[in-house]
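Trainee: Can you look at this prediction? I've put the sequence above it.
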Amino acid sequence: MNLPLSTIQEDVEMINTPNTRAAFSNTYPFFSREFLRRHGRDLIAASINWFLIDIVFYSLNLFQYHVFSGHLIPKIQMNIYKDALQIARFQALIAICATIPGYILTVYMIDHIGRVKIQAIGFFFMAVSLFTIAKVNMNGDHPNLFIILYGFTFFFSNFGPNTTTFIVPAELFPARFRATCHGISVRLEK
């Protein structure tokens with residue numbers, strides 16, 4: 001917050017350049033062809049990635065009851081409060097063992113690996129985990145392997161697209177469009 005506006009690269013170009021075309025190259029409005037030429041592809045890509053992770057991530061969270069009730073909780077319980085408490089325990093266990101470590105690993109690795117690579121790695125291993133879960137679930141013989149793979153899905157969701165979808169739009173767009181483009185990336189998926 002103590003950063004002067006003149007140190008932002010976009011503003012420095014405009015201040016230090018005399019009356020030439022370069023001085024006005026960053027004055028294009030949001031609804032313009034210049035914006036679409038410079039940032040349209042990035043905005044669409046950020047929106048699509050956000051849409052894809054939300055489909056997978058929220059679906060996994062929404063159907064956790066069915067996942068746990070088939071594998072860890074006896075199918076017939078008469079008390080809905082006990083079922084809800086049991087599901088909450090398993091959700092907390094998944095968060096402690098998979099979700100939080102995924103975020104922590106992203107924090108340490110994001111500058112070394114890069115945002116796009118982490119996002120691609122996360123999407124790839126989420127897909128591998130989910131396809132393996134489908135295969136394991138068809139047989140139904142290995143409930144422990146099923147739960148481990150389910151945890152890997154959350155780990156790679158957070159070591160990957162669930163984290164980078166927030167970071168990339170914030171770093172990708174110019175300062176004057178950043179909040180708008182970030183909001184569009186979120187809203188196009190809803």
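Mentor: Cool, got the structure. The structure displayed is predicted, hence computed values, not measured ones.
Trainee: Any stretches of the chain with poor pLDDT?
Mentor: For the chain, the stretches with pLDDT under 70 are 1-26, 69-78, 138-140, 188-190.
Trainee: how much space between the closest residue to T165 other than its chain neighbours and L85?
Mentor: What sits nearest to T165 in space, not counting adjacent residues and going by CB to CB, 6 or more residues apart in numbering, is W50, at 4.6 Å. Where you see a C-beta, it was placed from the backbone N, CA and C, and this is true even at glycine. Distance from W50 to L85, counting by CB to CB, to the nearest Å: 33 Å.
Trainee: Show me which of the two is the more surrounded one.
Mentor: W50 (25 against 10; other CB atoms under 10 Å).
Trainee: Do I have it right that that one meets R187?
Mentor: No: counting by CB atoms under 8 Å, W50 does not reach R187; the two are 9.3 Å apart.
Trainee: quick check: domain ranges of the protein?
Mentor: Per automatic domain parsing, the domain ranges recorded for the chain read 1-30, 43-187.
Trainee: which of the ones you listed is buried the deepest?
Mentor: Using mean count of other CB atoms under 10 Å, the stretch among the domains of the chain with the largest mean neighbour count is domain 43-187, at a mean of 16.
Trainee: if we can go back for a sec, from the contact counts, what lies against the helix or strand harbouring the residue nearest to T165?
Mentor: Using DSSP states H and E, W50 sits within helix 41-62. Packing partners of helix 41-62 (3 or more CB pairs under 8 Å, 6 or more residues apart in numbering; DSSP states H and E): helix 115-139, helix 143-158, helix 161-172, helix 178-187.
Trainee: With respect to G102, which of these lies nearest?
Mentor: G102 lies closest to helix 143-158 among the helices and strands packed on helix 41-62, at 3.1 Å (CB to CB).
Trainee: how far out from the middle of the chain is that closest one?
Mentor: Taking CA atoms, centre = their mean, to the nearest Å, one finds helix 143-158 lying 17 Å from the centre of the chain it belongs to.
Trainee: With only the CA atoms kept, save it in PDB.
Mentor: Extracted in PDB, the C-alpha atoms of helix 143-158 (Å, rounded to 0.1, in the frame of the first residue of the first chain):
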ATOM      1  CA  PRO A 143     -12.100 -48.800  -0.300                       C
ATOM      2  CA  ASN A 144      -8.900 -47.600   1.200                       C
ATOM      3  CA  LEU A 145      -7.300 -47.100  -2.200                       C
ATOM      4  CA  PHE A 146     -10.500 -45.200  -3.200                       C
ATOM      5  CA  ILE A 147     -10.200 -42.800  -0.300                       C
ATOM      6  CA  ILE A 148      -6.400 -42.300  -0.900                       C
ATOM      7  CA  LEU A 149      -7.100 -41.400  -4.500                       C
ATOM      8  CA  TYR A 150      -9.900 -39.200  -3.500                       C
ATOM      9  CA  GLY A 151      -7.500 -37.300  -1.200                       C
ATOM     10  CA  PHE A 152      -5.000 -37.100  -4.100                       C
ATOM     11  CA  THR A 153      -7.700 -35.400  -6.200                       C
ATOM     12  CA  PHE A 154      -8.000 -32.700  -3.600                       C
ATOM     13  CA  PHE A 155      -4.300 -32.400  -3.100                       C
ATOM     14  CA  PHE A 156      -3.700 -31.800  -6.900                       C
ATOM     15  CA  SER A 157      -6.700 -29.600  -7.100                       C
ATOM     16  CA  ASN A 158      -5.100 -27.300  -4.600                       C
END
